[in-house]
Each structure stands twice: as structure tokens, then as C-alpha cells.
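Give me coordinates for this.
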Amino acid sequence: MSDRPTPTRATPRQATSAVAYTSDLPEEDDPLLAFTPYLHKQPRRNSITPDLQRRFVATLAATGIVVQAARSIGKSMEALYKLRKLPGAEGFAAAWDEAVEYGVWRLEDCATERALAEGFSNPRANSLLCFILAYRGQYREDMRRIVPGHPLYENIRDEVLAEEGLV
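Just a heads-up that it's a prediction; the model follows:
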């Protein structure tokens, strides 16, 4: 899938999101793409096939940008969000959510790299780094702190015990 446009700007960092990511997409055997796709009962010419669903998820993981991933398969965001809500599309929805996480991590890493590379000479890049550091871990949990008594630990414990019928 190397049909990505190449940047034409004099300064590469001014490139749009369509050309910002230039590395390869996840491999076909990547666990992220091992989800159960939605199968249309009566596929039409314009249906979002399992192959297109996997390409969408792969591009979303690589870029973190839903619009770009939708364009990469030639479908609208509306059609993809509609597909995501259908009964039987839970695998696609879960893969979408995981791909968004990967994409956000990638974007954070790119922003951090840029801020560090330009931080001493570019005050805007330095403020970008400060923003990322302030908000990067806002919703992440340190696994070392998840011990008996921690609310997350207790919620997971209760769910496991309920599934096993021990409660």
C-alpha cells in the first residue's frame, strides 16, 4: 500500500496529514488485524468488505486519523461509523478502538520527537513538548499501582468472579 502522496512543501513539517506518515502499515499477520470483520448479508458493489475493514484499521493504527483512514479505502466516515454500530460488527469496532490508541501513541511520539529536535531553537516546539508531557499520561494507569484495594483491581476481580460464578 505505497500509493501515498509525497510531500511537496519546502518545509516537510508543513505537510498535511495525508503525507505526514510515510512508514509501512502494520503487516498482514499483525494481531491488530486478526479481528472478525463484519460480513454483509447481501454484499453490494459499494459494501465495506472485510479486506477494506482491515485496510481501514491498519491505516488508522498507522496515522491515528479517522478521516485519512476512511479516504485510504475510498469510503466516507459516515459509512464507517454506521458499519461500526451494526450488530455483528463488534470485532471491527474493537479493532477500530485499538487502532485509535496505537495511532494516538504514534502521534504523541512524533510530536515529542519534533519538540525535542526543535525545542531549543523553536519556542513553539518547546511549548508543544510541555503540553504533551502534561497530558500524555492523564488517562493511563501505572500497572504497578494496581494492587488489591485499588478500584480498577477490585472491578476486574469482581468481573472475573462473576464470570466464574463464584459471587
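
Mind splitting this structure into its structural domains?
Using automatic domain parsing, the domain ranges for the chain come out as 12-100, 142-167.

thinking residue 43 is in contact with residue 52, fair?
No: counting by CB atoms under 8 Å, residue 43 stays clear of residue 52, with 11.2 Å between them. To be clear about C-beta, it is placed using only N, CA and C from the backbone, and glycine gets the same treatment.

So for the two, which residue has more residues nearby?
Comparing residue 43 with residue 52 by other CB atoms under 10 Å, the one with more neighbours is residue 52, at 17 against 10.

contacting residues for the residue nearest to the more buried one when sequence neighbours are not counted?
Nearest residue to residue 52 in three dimensions, chain neighbours excluded: residue 73, at 4.6 Å (CB to CB, 6 or more residues apart in numbering). Going by CB atoms under 8 Å, 6 or more residues apart in numbering, residue 73 touches 48, 52, 55, 56, 59.

Out of those residues, list just those in helices.
52, 55, 56, 59 (DSSP state H).

Just the buried ones from the residues you listed?
Using 16 or more other CB atoms under 10 Å as the burial test, those include 52, 55, 56, 59 as buried.

Now for these: which two are most distant?
The largest separation in these, counting by CB to CB, is between 52 and 59 at 10.5 Å.

Turn the contacts of residue 73 into a markdown table, including distance to residue 147 and pLDDT.
Below are the contacts of residue 73 laid out as a markdown table (distance: CB to CB, whole Å; pLDDT from 0 to 100):
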| residue | distance to residue 147 | pLDDT |
| --- | --- | --- |
| 48 | 43 | 94 |
| 52 | 43 | 94 |
| 55 | 41 | 93 |
| 56 | 38 | 95 |
| 59 | 38 | 92 |
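
will you turn these into JSON lines that also has distance to residue 69?
Listed next are these as JSON lines, based on distance: CB to CB, whole Å:
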{"residue": "48", "distance to residue 69": "12"}
{"residue": "52", "distance to residue 69": "11"}
{"residue": "55", "distance to residue 69": "8"}
{"residue": "56", "distance to residue 69": "5"}
{"residue": "59", "distance to residue 69": "4"}
